[in-house]
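Engineer: starting from these lines, generate the structure:
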Amino acid sequence: MADDQRLWEYPEVAAHLGISVGATRSRKSRGSLPSPDDDSTPDRPRWEPSTFHNWRPVGRGFRSDLHRAARPEDTPAI
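Structural biologist: Numbers count the residues shown, from 1 in each chain. Next up is the predicted model:
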């Protein structure tokens, strides 16, 4: 497998989401993360990076209003 196709474990997912590894594990146990792409090793789920590129967390603590696309009416008139 090429380096750019390396599967992410908890530390890489945590870095991508900007949260701690412990919070990432907690989200996984609550079902708040996408299903792992490789769960062949117990307690070591792994995800393809592409799994997280278009995925956005939903739920408590996630500010979806900060991640929406800008609309023309949102831009100030000059």
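Engineer: C-alpha coordinates for stretch 31-43, CSV please?
Structural biologist: What follows is stretch 31-43, C-alpha atoms only, in CSV (Å, rounded to 0.1, in the frame of the first residue of the first chain):
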residue,chain,number,x,y,z
GLY,A,31,-21.1,5.4,17.2
SER,A,32,-20.4,9.0,16.3
LEU,A,33,-17.7,8.2,13.7
PRO,A,34,-18.0,6.5,10.4
SER,A,35,-17.6,2.8,10.3
PRO,A,36,-14.0,1.7,10.1
ASP,A,37,-12.8,0.6,6.7
ASP,A,38,-10.6,-2.1,8.4
ASP,A,39,-11.6,-3.7,11.7
SER,A,40,-9.7,-6.9,11.3
THR,A,41,-7.6,-6.2,14.4
PRO,A,42,-9.6,-6.0,17.6
ASP,A,43,-9.4,-2.6,19.3
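Engineer: where does pLDDT dip in the protein?
Structural biologist: 1-5, 58-78 (pLDDT under 70).
Engineer: can you show me the helices along it?
Structural biologist: 10-17, 21-30, 49-53 (DSSP state H).
Engineer: now the last one: buried residues?
Structural biologist: Within helix 49-53, the residues that qualify as buried are 51-52, counting by 16 or more other Cβ atoms under 10 Å. C-betas here are computed from N, CA, C, even on glycine.
Engineer: which strands and helices sit next to that helix?
Structural biologist: Under the contact definition 3 or more Cβ pairs under 8 Å, 6 or more residues apart in numbering; DSSP states H and E, helix 49-53 sits against helix 10-17.
Engineer: now do the buried residues in the helix it packs on.
Structural biologist: Under 16+ other Cβ under 10 Å, the buried positions of helix 10-17 are 10, 12-14, 17.
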